[in-house]
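Undergrad: Sequence first, predicted coordinates after that:
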Amino acid sequence: MPYTAEPIAPDIISSMLNTQWDTNDSNIPEPTFFVPNNGLNPIRYDLYTGDYIIIKADSPALEESPIGVWIYGNRMTRVLLEVATRQSRQRLWDLMKEIRRIVHAQMHLLSQYQRIQFVNFQEIYDDTFRIWKGRVILELLNSSVLLETTT
């Protein structure tokens, strides 16, 4: 059986957002997308230069539910997007709206997954530094897929 790499969801989401971000119609400047690759390097960003979206695996990163006699199953991968801006609360919500628009437009177009869906948005305000932050949860789904039986 030929080797097939396991898809890395945060990288896929970063690429999708980067290529689909629409600065013309939405008039929202494209933020900087950042995917941390390990826990050793601290995440640092300068909100004076623009908005940031940090994309990482959520918990659980992968969930698998067998169907019937465990030959097929459903897989769900969760991705967390941490959105940050210095501009305003409205900018935060506009960034979330653009993420949601892209997810809805690309719902069935990712080759590694059958469907991507926008799950929720949570607003977080840091009064100390006048920074508006939010958390977006996305789910990438594969339903009724053959579970691996060989290495």
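TA: That came through, no problem.

Undergrad: show me where pLDDT drops low in this structure?
TA: Along the chain, segments meeting pLDDT under 70 span 1, 25-26, 38-42, 149-151.

Undergrad: what are the C-alpha coordinates of the helix ranked longest in the chain, in CSV please?
TA: When the chain is parsed with DSSP state H, its longest helix is helix 89-105. The C-alpha atoms that make up helix 89-105 are tabulated as CSV, following Å, rounded to 0.1, in the frame of the first residue of the first chain:
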residue,chain,number,x,y,z
ARG,A,89,-14.5,45.6,18.1
GLN,A,90,-16.1,46.1,14.6
ARG,A,91,-12.9,45.0,12.9
LEU,A,92,-12.8,41.8,15.0
TRP,A,93,-16.3,41.0,14.0
ASP,A,94,-15.5,41.8,10.3
LEU,A,95,-12.5,39.4,10.5
MET,A,96,-14.7,36.7,11.8
LYS,A,97,-17.3,37.4,9.1
GLU,A,98,-14.6,37.0,6.4
ILE,A,99,-13.4,33.7,7.9
ARG,A,100,-17.0,32.5,8.0
ARG,A,101,-17.6,33.6,4.4
ILE,A,102,-14.5,31.6,3.2
VAL,A,103,-15.5,28.5,5.2
HIS,A,104,-19.0,28.6,3.7
ALA,A,105,-17.7,29.1,0.2
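
Undergrad: For this structure, which segments count as helices?
TA: 9-20, 89-105.

Undergrad: Out of those helices, flag the one nearest residue 58.
TA: Closest approach to residue 58 among these (CB to CB): helix 9-20, 9.2 Å. C-betas here are computed from N, CA, C, even on glycine.

Undergrad: Perfect, that will be all.
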